[in-house]
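Peer 1: structure of the sequence below:
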Amino acid sequence: MAQIDRVLRSNLKLRHLQMLVALDQFRHLGRAAEFLSVTQPAVSKTLAEIENMFGLPLFERSTRGTEPTAAGASVVRFARSVLAGFDRTRDEIAAEASGAMGRTSVGAMVVATPVLLAKAVERLKARSARTTVLIDEGDLTRLLPKLRLGELDLFVGRLEPGYASPDLETEALYEDPMVAVVHPAHALARRRAVRWADVAVQPCVLPPPWASLRVKLEQQFFAHGLLPPADIIESASFLAQVTFLQQRGAVAFMARTVARHFAQQGMVSVLRLPVAVDLPPVGLITLRGQRLTPVTEHLAECLREVARALVSGPG
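Peer 2: Reported below is the predicted structural model:
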């Protein structure tokens, strides 16, 4: 244990960490060497040097490439976390030197991006136009590991209870129910009332099978004595939804704030269809015990301000 502690605290250099991450990313000595602009023997030598420090094999070599061992996977996670902290500190110092307010990295779900996050960034930019906000869009499965590794400063999206964990701190901001939408030229857009039977015979864009929302939407069809649509496209992408609304006359399901925002721009029409789906609130997730950078704290406050405006606005 003392030896491992000494290696992690003192012996590992930045170049060691960069090589470990590259090797984990490419799983091939040659491609990692090309990425790092060094020779393949140099990568092999550095890896052997690191493994000698730990006294453990970190990667298994084979004709198919390299795979991290259990110990190697742990060291790679450590390397990613340290490098993320390095990048954050470098960017903060550079921003301070240039007179900018700073830089923050946000993981966002589609439910939060076009309204909540966009308006919050607008407020943040009004206070400091040179502040940089990196937005990485995806779902919890993809974004939470990045938050834990320090590659993201903040997550904004639905607070799915299945992802609750002692190392995460959550803050609910508002409820955002689901609505059904179509292209404004769709025949259903002109109806005063739409039934689930009307939707069941239409092409539909539904979330992927592993998404909890997919199950809940299919239950709505079953609850009305119907089978889910047979003509479907599976995607959580807003771009895919809008594309197939226009090209195939499909029905899609969006958060109400998102749907109303794009309805005002003439891109979609919200159907008069009750969608009784129980959804978790939209909110923020941060790492418990990790102090936010000033710019991230400012963005979080802007998100709270926008959320309060959304709640107090028209229902």
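
Peer 1: every contact and neighbour count from this point should use C-alpha atoms.
Peer 2: Noted.

Peer 1: what's the burial count for the nearest residue to Arg192 once chain neighbours are set aside?
Peer 2: The spatial neighbour of Arg192 that comes closest, neighbours along the chain excluded (C-alpha to C-alpha, 6 or more residues apart in numbering), is Arg272 at 6.5 Å. Other residues near Arg272 come to 17 when the count uses other C-alpha atoms under 10 Å.

Peer 1: let me see the contact set for the residue nearest the centre of the chain.
Peer 2: The centre of the chain sits closest to Gly138, judged by C-alpha atoms, centre = their mean, with a distance of 3.4 Å. Taking C-alpha atoms under 8 Å, 6 or more residues apart in numbering as the contact definition, Gly138 lies against 107-110.

Peer 1: 10 Å instead, please
Peer 2: Listed by C-alpha atoms under 10 Å, 6 or more residues apart in numbering, the contact partners of Gly138 are 107-110, 144, 157, 236-237.

Peer 1: taking these one by one, which sit in helices?
Peer 2: Within those, membership in helices is found for Leu144, as judged by DSSP state H.

Peer 1: among the contacts of Gly138, which two are most distant?
Peer 2: Looking at the contacts of Gly138 by C-alpha to C-alpha, the two members farthest from one another are Leu144 and Ser237, with 18.3 Å of separation.

Peer 1: neighbour count: the two, which is higher?
Peer 2: Set Leu144 next to Ser237 and count neighbours by other C-alpha under 10 Å: Leu144 wins out with 22 against 16.

Peer 1: which residues of the stretch 1-150 of the chain fall in strands?
Peer 2: Ranges of strands in the stretch 1-150 of the chain, per DSSP state E, counting those that start in this stretch, are 59-62, 65-68, 103-108, 132-137.

Peer 1: adding mean pLDDT, write those strands out as TSV.
Peer 2: What follows is the strands of the stretch 1-150 of the chain, written out as TSV (pLDDT from 0 to 100):
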stretch	mean pLDDT
strand 59-62	86
strand 65-68	88
strand 103-108	93
strand 132-137	93
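
Peer 1: out of those strands, which is the most enclosed?
Peer 2: strand 103-108 (a mean of 23; mean count of other C-alpha atoms under 10 Å).

Peer 1: partners of that one in the sheet?
Peer 2: Here strand 103-108 is paired, per DSSP bridges, with strand 132-137 (parallel), strand 154-158 (parallel).

Peer 1: next up, the contacts around Pro209.
Peer 2: With contacts taken as C-alpha under 10 Å, 6+ apart, Pro209 has the following neighbours: 215, 234-235.

Peer 1: redo that, cut-off 8 Å
Peer 2: With C-alpha under 8 Å, 6+ apart as the criterion, the residues that contact Pro209 are 215, 234.

Peer 1: can you check Gln241 too?
Peer 2: By C-alpha under 8 Å, 6+ apart, the contact list for Gln241 reads 205, 235, 252.

Peer 1: what's the closest non-adjacent residue to the last one?
Peer 2: Leaving aside its sequence neighbours, Ala252 sits nearest to Val205 (C-alpha to C-alpha, 6+ apart; 4.9 Å).

Peer 1: how many residues are close by Thr257?
Peer 2: 21.

Peer 1: how close does it sit to Asp278?
Peer 2: 16 Å (C-alpha to C-alpha, to the nearest Å).

Peer 1: likewise for Pro114?
Peer 2: As judged by C-alpha to C-alpha, Pro114 and Asp278 stand 22 Å apart.

Peer 1: which one of the two is surrounded by more residues?
Peer 2: Taking neighbours as other C-alpha under 10 Å, Pro114 and Asp278 compare with Pro114 leading, 16 against 11.

Peer 1: that older thread, out of the strands of the stretch 1-150 of the chain, nearest to Ala32?
Peer 2: Distances from Ala32 to each of the strands of the stretch 1-150 of the chain were compared using C-alpha to C-alpha; the minimum, 10.5 Å, belongs to strand 65-68.

Peer 1: mind exporting the C-alpha coordinates of that closest one to CSV?
Peer 2: As requested, C-alpha coordinates have been extracted for strand 65-68 and formatted as CSV (Å, rounded to 0.1, in the frame of the first residue of the first chain):
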residue,chain,number,x,y,z
GLY,A,65,-4.2,-4.9,-29.1
THR,A,66,-4.1,-3.9,-25.5
GLU,A,67,-6.7,-4.2,-22.7
PRO,A,68,-6.4,-2.7,-19.2
